[in-house]
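A.B. asks: Here's a sequence, model it:
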Amino acid sequence: MGRGIIENGLFRSERYGVEQRTSDPADHQEGERWIRTDLAPETDQIATYRFDMGSEVVDIPIYDTSATTENVEKVRRVQVDGELGFIPFAESGAAYPQWAMQHAGTRLGAHDALTASAIPDSVVNRWPIDEGSGTTFADAAGTADGEWFGGAWVDDSTYIGDHGYSLDGADDYGDTGATMPADSLTLLATVDFSSDKSTIQYIHGTQDGGNAGGRFIRFADSATNRVQFELINDDGIFDANYDLPSTGRYRVAGILDASVPEIRIAVDGTVQNTTAVTGTFSTQLSNHKVGRRPDGTEGYYGGEVDEPMIANEAYTSSQLQDDYDRQPWS
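C.D. replies: The predicted structure is shown next:
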């Protein structure tokens, strides 16, 4: 369910993560969304959710809960803690309606929050994995489009773009060749797995044969279902670990904060562990892989993956939470 405060005669918008209020209906930008409250073409319509696609402006009407309609594209009004919430409306027995929008480069599904934050400018690579077919997956933030070797598409409306990708843990993987940022960075990805992990399985990152310059998130073999962010540099190997409570779906992030310096492992928007690091962090490798050790034919990940990302900054606590909240399944 999305939600947004209604103020009579004003539009409430999220402009690239910054809240705006205006009385001018022309004061909007491409990719912006907002609620209008001064539109009422029907007596039961209380507001309109608008979205600027650049080439056109899309309206989604919001109706009072007392209204009845057979139009499955219309949405209904509910009250949540004094705020206006809205949900897609479907006739009794009808399939749950799905409508998609685009905001700051992110496709939004029917369950996404109205106040979902924009993706930070620091994201240099982002693979939504939303194609649904074929052997390629596009980089929505950079130029490192990837290719799948094995695996299968997953149709799931709770993933970003309604799709994820399934890897068998034997020889499936994705290759993007993306270059890892120097110094501070953040790696993120959604994983979904149904069997316990007790072997090394790479989620995504870079690594070379001599181990220098490694930056990756993976499952470790030192404990069951242990996710790990590993940094390898001229001073050695550094790990930040967290043991997941069970199989299932998680948003995992590995953070290198070169200003401290330390590495962190975060799960579902919350930092779970930190490790102090030494040495330098300037090595940049360009052998990025998804679901396999980057420099070898081992460490294959078995499970589903969605929206791996690389940012050239150390995500803050609020950025980690925003990233988690942006996932439809969260």
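A.B. asks: Isn't Asp208 up against Arg293?
C.D. replies: No - using C-beta atoms under 8 Å, Asp208 is not in contact with Arg293, being 10.7 Å away. All C-beta spots, glycine's among them, are computed from the backbone N, C-alpha and C.
A.B. asks: Have a look at these two and say which one is more surrounded.
C.D. replies: Arg293 (21 against 15; other C-beta atoms under 10 Å).
A.B. asks: which stretches of the stretch 51-200 of the chain have low pLDDT?
C.D. replies: Along the stretch 51-200 of the chain, segments meeting pLDDT under 70 span 51-118.
A.B. asks: quick one: the strands in it?
C.D. replies: 57-63, 75-80, 83-88, 101-103, 106-108, 123-126, 136-137, 146-149, 152-155, 163-168, 173-175, 185-193 (DSSP state E, counting those that start in this stretch).
A.B. asks: measure Val252 to Gly296 for me?
C.D. replies: Separation of Val252 from Gly296 (C-beta to C-beta, to the nearest Å) stands at 21 Å.
A.B. asks: quick one: which of those two has more around it?
C.D. replies: Comparing Val252 with Gly296 by neighbour count (other C-beta under 10 Å), the higher total belongs to Val252, at 25 against 11.
A.B. asks: The more buried one bridge partners, please.
C.D. replies: Beta bridges link Val252 to Ala189, Val267 when assigned by DSSP bridges.
A.B. asks: okay but it is in contact with Ile217, surely?
C.D. replies: Yes - assessed by C-beta under 8 Å, Val252 is found in contact with Ile217 at 5.6 Å.
A.B. asks: shared neighbours of the two, which are they?
C.D. replies: Common contacts of Val252 and Ile217 (C-beta atoms under 8 Å, 6 or more residues apart in numbering): 189, 203, 227, 265.
A.B. asks: and the closest residue to the second one other than its chain neighbours, how many neighbours?
C.D. replies: Right, Ile203. The shortest distance from Ile203 to any non-neighbouring residue, by C-beta to C-beta, 6 or more residues apart in numbering, is to Ile217 (4.7 Å). For Ile217, the tally of surrounding residues (other C-beta under 10 Å) stands at 23.
A.B. asks: how close does Ile217 sit to Gly299?
C.D. replies: 12 Å.
A.B. asks: Need the residues touching each of those two.
C.D. replies: Tyr202.
A.B. asks: Could you find the closest non-adjacent residue to Gly269?
C.D. replies: Closest to Gly269 by C-beta to C-beta, 6+ apart is Tyr324, at 3.1 Å.
A.B. asks: ok, Ile310 touching Ala178?
C.D. replies: Yes - Ile310 lies in contact with Ala178 (C-beta under 8 Å); the separation is 6.5 Å.
A.B. asks: Neighbour count for these two, which is higher?
C.D. replies: Using other C-beta under 10 Å, the more surrounded residue of Ile310 and Ala178 is Ile310, with 29 against 26.
A.B. asks: quick one: the more buried one from Asp162, how far?
C.D. replies: 23 Å.
A.B. asks: buried residues in stretch 125-145?
C.D. replies: The neighbour-count check on stretch 125-145 (16 or more other C-beta atoms under 10 Å) flags 125-131, 137-142, 144 as buried.
A.B. asks: actually stretch 161-181, sorry about that
C.D. replies: For stretch 161-181, using 16+ other C-beta under 10 Å, the buried residues are 161-167, 169, 172-176, 178-181.
A.B. asks: CA atoms of that stretch as CSV?
C.D. replies: What follows is stretch 161-181 as a C-alpha-only set of coordinates in CSV (Å, rounded to 0.1, in the frame of the first residue of the first chain):
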residue,chain,number,x,y,z
GLY,A,161,10.3,-5.0,-12.6
ASP,A,162,8.2,-8.1,-11.9
HIS,A,163,11.2,-10.5,-12.6
GLY,A,164,14.1,-12.1,-10.9
TYR,A,165,16.6,-14.7,-12.1
SER,A,166,17.2,-18.2,-10.8
LEU,A,167,20.7,-19.8,-10.7
ASP,A,168,21.3,-23.5,-10.1
GLY,A,169,24.4,-23.4,-8.0
ALA,A,170,26.3,-25.7,-10.4
ASP,A,171,27.4,-23.6,-13.4
ASP,A,172,24.9,-20.7,-13.9
TYR,A,173,26.2,-17.1,-13.6
GLY,A,174,26.0,-13.6,-15.1
ASP,A,175,28.9,-11.6,-16.5
THR,A,176,28.9,-7.8,-16.6
GLY,A,177,32.6,-6.9,-16.6
ALA,A,178,31.7,-3.8,-14.5
THR,A,179,34.6,-2.0,-12.9
MET,A,180,34.5,-1.8,-9.1
PRO,A,181,34.9,1.7,-7.7
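A.B. asks: Please tell me I have it right and Ala276 contacts Glu262.
C.D. replies: Yes - under the criterion of C-beta under 8 Å, Ala276 makes contact with Glu262 at 5.1 Å.
A.B. asks: More neighbours: which of the two?
C.D. replies: A direct count of neighbours by other C-beta under 10 Å for Ala276 and Glu262 places Glu262 higher, at 17 against 10.
A.B. asks: and that one, what does it touch?
C.D. replies: 274-277.
A.B. asks: Kind regards, and thank you for your time.
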